[in-house]
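K.L.:
Prediction below, plus the sequence it came from.
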Amino acid sequence: MNKLLRIAITGPESTGKSMLTEELADHYHTVWVPEYAREYIDRLDRPYNQDDILEIAKGQIRNENLFAGKANRILFCDTELIVTKIWSEVKYGICDPWILEGIGKNKYDLFLLCNTDLPWEADPQREHPHMREKLFELYRKELADRGFPYDIVSGIGPDRLKNAIRFVEKVILPDYE
C-alpha cells in the first residue's frame, strides 16, 4: 500500500488557497481539508480572540486526520498550523506552544506557498489587505527556516493550477511508479 501524501496549501489572505486546494483535489480525484477557521469564525457570535486561534488550530488538525481516512493517496489541506502561528503572532505578538509544537509534528510532503499575484478580494474575515507581501515573506521564511519542502505557486486563472500541478507531480511521481 502506498503512503498517503499530504500537501499543504498555505500563504497570506486572498491568495487563492481555497480555490487551488479544491481544484487540486478535483484534478487528483481525492478529498481536501477545508480551512477550519472560516467555519469556526462563522459560528461565533462575537469577535474572535487569541484562545479561538488555538481552537481553530486544533480543529484544523482534527479535520485533517478525519479526511485522511477518505483520501485517495493524496490529501490536500487548505491551510495548516503555520497559518495559525503567523496569524497569532501578527495579531497578538505571541503564539500558543501547542501550535508551535504541532508545526514540527504534523508532516507534509510539500507546501504550496501561494504568491500574492492575485488581486485582493474583500471578505469579512480578511484583515490585512496592505500586508500581503510582508505576510508572504513571513511564510516563506518560516518554511525555509524549518527546512520544509515548498514551492511558490504563481499565476492567474488556469496557469496557477497548472503551476501547482507541476510542483505536485515532482512529489507524487516516485510514489506512482
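P.N.:
Good, I have the coordinates. None of these values were measured; they are calculated from a predicted model.

K.L.:
C-alpha only now, for contacts and for neighbours.
P.N.:
Will do.

K.L.:
residue closest to the middle of the protein?
P.N.:
Nearest to the mean C-alpha position of the chain, by C-alpha atoms, centre = their mean, lies T79 at 2.0 Å.

K.L.:
roughly how far apart are the spatially closest residue to that residue that is not a sequence neighbour and D45?
P.N.:
Take T79 and drop its neighbours on the chain: the residue closest to it by C-alpha to C-alpha, 6 or more residues apart in numbering is T10, 4.9 Å away. For T10, the distance to D45 (C-alpha to C-alpha, to the nearest Å) stands at 27 Å.

K.L.:
which residues does L100 contact?
P.N.:
Contacts for L100 (C-alpha atoms under 8 Å, 6 or more residues apart in numbering) come out as L81, K85.

K.L.:
pLDDT score assigned to it?
P.N.:
Note on L100: pLDDT of 97.

K.L.:
which stretches of the chain have low pLDDT?
P.N.:
When residues are selected by pLDDT under 70, those of the chain lie in 1, 122, 124, 126, 174-177.

K.L.:
can you give me the strands for it?
P.N.:
Counting by DSSP state E, the chain has strands at residues 5-10, 32-33, 74-78, 110-114, 150-153.
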